[in-house]
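Trainee: only geometry, no sequence info:
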């Protein structure tokens, strides 16, 4: 069974080499005329003014955090789903409680406006 | 390759290699298999790009590429050659390592999904016992690649677009993963081959091959389809690379083969997400007589996947784009609660002391309920949007406005 | 003829490569002057740890590691780094006034960990696990049977984390 991951290892090696090879061929085949204007950052034809710094809104961090929490929930739900056929009523109730608590959490986020504007 | 790698190893053994080299023989068999898969995927990508351009252009009432090769079939080859010969521009102050690594890391997870796709009854890369979770994990690697691309270009717009792409991918990953949980729960396994076999329909001893999960779980299928559209960044969710907006999203600063890698990753991603939909919901290689005639399995699989891919392109050509805030609220306020309640309903129904077929019927009812609820929420939201854009006064004549003639002040 | 030492098996070679990747990633995290490179090194380290899990035949843990750590936590950390403007303005310095104390404590910690690892009676590797499917099913049933109290507590913990996220949102406003 571990040899299955040998296949995955080999596949990952090939999956890494192919894009590297493609990019290297592109690099070798293309002309090389570095030019300060070509290398400057693109801004719709205007010169960039000021440093590259963007106002980072906290919503992005919040979305990532909420995603993390639901991701962890998903990790726990998958094995339960596989064992589901043979579970007793008590276990089913525990699993249902789990999902309900998280649904409650989502609802809480919604009411408090953490899901707004993005 | 479970069966034919054993065959290959056998052949190598018979050619006289000593038994200690058995792992080596197996490794060579794996290498040949993986290499063929990846090459097949790359050739497939060429066909896919052609299919996309033809379908989208026909929907937009134009012909699409038709000069190079019959029906424009070699257009993609010409494009690849063009991209190969582009200059490899490195922007100033771009973070060199991340800048080069991002396209590679973007293609990598897409090619890795090939390992668990079931093309035919005996033909899968490796039948991992965590097959579905493996697919989910690969999706999250692509998120890092997008972030790296956006940040390393040292460009305000690329960075901003990168953030938005990551936010979109994160938001739609959850409904997708939870929708994938539904067939896994129904089949009781994460192995892709077992899920395929669980979608058989036995009429006596004959396998009709029509017991697809989509007939039981249409709601989960639709939620998965919508989330997959968003994960693959296809319309109506492709705000980040709309040709007329924000120039080209987070790959503004990329040219030549690096850009080609992002492009390739996007197309293959869309195709493989469709393949996952076929595997989990549309019965994989199951179909009438798939067991008897060996070639029919992969034929069914490819036909179904291309149909799903065609449907994705159809949606792309038909629907307008969503704004990013519409997109995000749709994910968190509509899709996630609906899919969670779907899973909840399925959990409860599966454990009720009722005969199986009534259970299936109830699950179907729950799914249809979810779809109806989703449509109601969507129409209600659309009505709210159109209220916001009502005219504040009715003009005396329509000359000079852009409205069509038979629409007067609704 | 002198006895040749046993050739390392393929598993050991793979483990060596993976452990090297993890160690290099961790070194990049600590030593890189560029904060974003540190974040990338962290993602590489997480990958390496996932691969270590897989070589130990704990596949489910390995895949969840990729899913949660590389997917969610790396992006979270990258976002957190971007919230601080320091990253945009070049490099951070490697040393500060406490470098000497830190080095001493790191060395002591290394000694303690090595002693601990030598003292633990690690079980010998048994036969390879053949029925992986049943293991995950058992894991699932253990979540809701033997370990149901930690399981529901986990749900509550996640709820608390969500509430914390709300507090974060409110402060920003």
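Mentor: The structure has been received and is ready for your questions. Quantities reported herein were computed from a predicted structural model and do not represent experimental measurements. Numbering: from 1, shown residues only, chains lettered A, B, ... in the order given.
Trainee: tell me the pLDDT of residue A:112.
Mentor: With respect to pLDDT, residue A:112 scores 82.
Trainee: how about it: what's its closest non-neighbour residue?
Mentor: residue C:166 (4.6 Å; CB to CB, 6 or more residues apart in numbering or on different chains). Quick note: C-beta positions are derived from backbone N, CA and C, even for glycine.
Trainee: quick one: contacts for the one you found?
Mentor: Residue C:166 makes contacts with A:108-109, A:112, A:114, as judged by CB atoms under 8 Å, 6 or more residues apart in numbering or on different chains.
Trainee: next: residue A:78.
Mentor: Counted by CB under 8 Å, 6+ apart, residue A:78 has contacts B:132-133, B:181, B:184, B:190, C:136, C:140.
Trainee: how about 7 Å then?
Mentor: Neighbouring residues of residue A:78 by CB atoms under 7 Å, 6 or more residues apart in numbering or on different chains: B:133, B:181, B:184, B:190.
Trainee: buried ones in the helix or strand bottoming out on mean pLDDT in chain C, by neighbour count?
Mentor: Counting by mean pLDDT, DSSP states H and E, chain C has its least confident helix or strand at helix C:132-144, which shows a mean of 82. For helix C:132-144, burial by neighbour count (16 or more other CB atoms under 10 Å in any protein chain shown) applies to C:132-133, C:135-137, C:139-144.
Trainee: so chain C: which segments form each domain?
Mentor: Following automatic domain parsing, one finds the domains of chain C at C:1-92, C:133-173.
Trainee: using a markdown table, please lay out those domains together with distance to residue A:61.
Mentor: Converted to a markdown table, those look like this (distance: least, CB to CB, whole Å):
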| stretch | distance to residue A:61 |
| --- | --- |
| domain C:1-92 | 5 |
| domain C:133-173 | 7 |
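Trainee: out of those, nearest to residue B:299?
Mentor: Residue B:299 lies closest, by CB to CB, to one member of those: domain C:133-173, at 29.0 Å.
Trainee: skip the chain neighbours and tell me the closest residue to the residue of the stretch 1-150 of chain B found nearest chain C.
Mentor: Across the stretch 1-150 of chain B, no residue is closer to chain C than residue B:140, which sits at 2.5 Å (CB to the nearest CB). Nearest residue to residue B:140 in three dimensions, chain neighbours excluded: residue C:71, at 2.5 Å (CB to CB, 6+ apart).
Trainee: enumerate every residue touching that neighbour.
Mentor: So residue C:71 contacts A:71, B:140, B:143 (CB under 7 Å, 6+ apart).
Trainee: most neighbours, which of those residues?
Mentor: residue B:143 (26 neighbours; other CB atoms under 10 Å in any protein chain shown).
Trainee: tell me if that residue really is in a strand.
Mentor: No - the assignment for residue B:143, made by DSSP: H, G, I helix; E, B strand; the rest coil, is helix rather than a strand.
Trainee: excluding chain neighbours, what is closest to it?
Mentor: Nearest to residue B:143 is residue B:169, by CB to CB, 6+ apart, at 5.0 Å.
Trainee: now the residue nearest to residue A:112: how far from residue A:62?
Mentor: Applying CB to CB, to the nearest Å, the value for residue C:166 to residue A:62 is 9 Å.
Trainee: returning to what we had before: is the least confident helix or strand of chain C up against chain A anywhere?
Mentor: Yes - under the criterion of CB under 7 Å from any CB of the partner chain, chain A is reached by helix C:132-144 at C:132, C:136-137, C:139-141, C:143-144.
Trainee: how about those residues, which pair is most distant?
Mentor: C:132 and C:144 (20.2 Å).
Trainee: which stretches in the stretch 101-250 of chain B count as strands?
Mentor: If DSSP state E, counting those that start in this stretch is used as the criterion, the strands of the stretch 101-250 of chain B fall at B:118-120, B:123-124, B:202-203, B:206-207.
Trainee: turn those into a markdown table, including mean pLDDT, distance to residue A:95 and mean neighbour count.
Mentor: A markdown table is the format used below for the strands of the stretch 101-250 of chain B (pLDDT from 0 to 100; distance: least, CB to CB, whole Å; neighbours: other CB atoms under 10 Å in any protein chain shown):
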| stretch | mean pLDDT | distance to residue A:95 | mean neighbour count |
| --- | --- | --- | --- |
| strand B:118-120 | 82 | 28 | 23 |
| strand B:123-124 | 74 | 30 | 22 |
| strand B:202-203 | 72 | 30 | 9 |
| strand B:206-207 | 70 | 32 | 16 |
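Trainee: got these as a markdown table, with distance to chain C columns?
Mentor: Below are those laid out as a markdown table (distance: least, CB to the nearest CB, whole Å):
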| stretch | distance to chain C |
| --- | --- |
| strand B:118-120 | 16 |
| strand B:123-124 | 15 |
| strand B:202-203 | 22 |
| strand B:206-207 | 22 |
